[in-house]
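Engineer: Requesting a structural model of the entry that follows:
(one chain, ligands or ions: 1)
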Amino acid sequence: MSLVVQTSFIGDMVLTTPLIAELARRGPVDVLATPITAPLLANNPSVRRVIMYDKRGADRGPVGLWRAARSTRELFEEGKKSPVRYDAAYMAQGSVRSAIAARLVGAKEYVGFSTSPGRALYTKVMFYREERHHAERLWALSTWNAPATDPPRGIRPALYPGETEREAVDALLARNAGRLSGQQPTASGQQRLVVVAPGSTWATKRWPYFADLARLLSSTYRVALIGGEAEQDAARTIRGEAAVADFIDATGQLSLLGSAELIRRAAVLVTNDSAPLHLASAMNTPTVAVFGPTVPGFGFGPLASPSVVAGNDALACRPCHRHGPRRCPLGHWRCMRDLSATHVAELVERIA
Ligand code: SF4
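Structural biologist: Okay, the predicted model is just below:
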């Protein structure tokens, strides 16, 4: 019986699903997650139970940590019907706080990466393979007690939108039923959809030409824009600048799994180096990923097939930051400014 600790960002949880699926082949898997990322595991057949750890809210601080750990242990004992420990806790998120949480819950082994701040609390430390995709690195935690094994070829995360998400997307598309003229239908007669995701937590990772791209694509595709409430202002700006009649603004209207469902129905997703990229990997939707100050070599590139990356490989300053700096330290931000909408639209055509 396994405990997977993943209290990091949305993309990290998505990329943890291959590890969860592997562990589920051996026995029940519980996942310690935050309220933001826990919904991503809904309907996942590999997950026995999602345990909430609201580290920035109700479970904040040492008392909250203790409370979350204690309730996790009670749940474990209830599922196990006897007060023993998990066989192993897999530290997919490497903070000291997460390691303490796992220790408080109780496991026979604590497995995590050699680069993690919480590594002193692990019993099995796995080498962090810089050259691998992060989904592969996380999956490799499952091999701590086995001979060295390569990850499965073509490893991809998995999400499971359900009826609720399908109905939400149906309703969204019905509300935004557009003109058919000037758009290419698919073999089934439906309009082809391109979903664009302009958001990112890190300002320098937000490609600035999504409005131009929407305008270029609108003669051929239906364009839908996704994101959370934080992206709604940007969506209004893009919509205004693009001046496209059939533009679907879905920001703030869909859950994470709802966004995954919309992406599933798209011919292509165009995204920054951010969470929607990983949703598309899970739904195997062809992806154009725009990378500015970061590079896919960090381990967070698209896994959908086909996928293509737009990036200014000629810039000597790139990459300049693991997550993307708040501002371009050189002031010109050419890693993004040099990537034209025409170029990205061509990449969409190449894989659509
Ligand atoms: S230093 Fe280079 S890679 Fe970094 S933000 Fe500026 S242009 Fe982009």
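
Engineer: When you work out contacts or count neighbours from here on, use the C-alpha atoms and nothing else.
Structural biologist: Fine.

Engineer: Secondary structure element holding residue 12?
Structural biologist: Assigned by DSSP states H and E, residue 12 falls within helix 10-24.

Engineer: C-terminal to that helix, what's the next element?
Structural biologist: Trace forward from helix 10-24 with DSSP H and E and the next one is strand 29-33.

Engineer: how far away is the residue in the stretch 51-200 of the chain positioned nearest to the ligand from residue 174?
Structural biologist: Distance from the ligand to each residue of the stretch 51-200 of the chain (Cα to the nearest ligand atom) is smallest for residue 200, at 14.0 Å. When distance is defined by Cα to Cα, to the nearest Å, residue 200 is 28 Å away from residue 174.

Engineer: give me the residue from the stretch 151-300 of the chain nearest the ligand.
Structural biologist: Counting by Cα to the nearest ligand atom, the stretch 151-300 of the chain gets nearest the ligand through residue 293, at 3.8 Å.

Engineer: give me the number of residues near the nearest residue to that residue once chain neighbours are set aside?
Structural biologist: Distances taken as Cα to Cα, 6 or more residues apart in numbering place residue 319 nearest to residue 293, at 4.9 Å, with adjacent residues excluded. Other residues within reach of residue 319, judged by other Cα atoms under 10 Å, total 20.

Engineer: Then residue 130?
Structural biologist: Number of residues near residue 130 (other Cα under 10 Å) recorded here: 11.

Engineer: what's the answer for residue 115, then?
Structural biologist: 13.

Engineer: Please renumber the chain so that the first residue is 16 from this point on.
Structural biologist: All right, first residue 16 from here; so that's residue 130.

Engineer: so it touches residue 140, yeah?
Structural biologist: No. Using Cα atoms under 8 Å, residue 130 is not in contact with residue 140; the gap is 9.0 Å.

Engineer: okay, the angle between the helix holding residue 27 and strand 44-48?
Structural biologist: Orientation of helix 25-39 against strand 44-48 (axes from the mean of the first three to the mean of the last three Cα atoms, to 10 degrees) gives an angle of 160 degrees.

Engineer: Please enumerate the strands of the stretch 216-365 of the chain.
Structural biologist: 237-240, 263-264, 283-287, 302-306, 322-326 (DSSP state E, counting those that start in this stretch).
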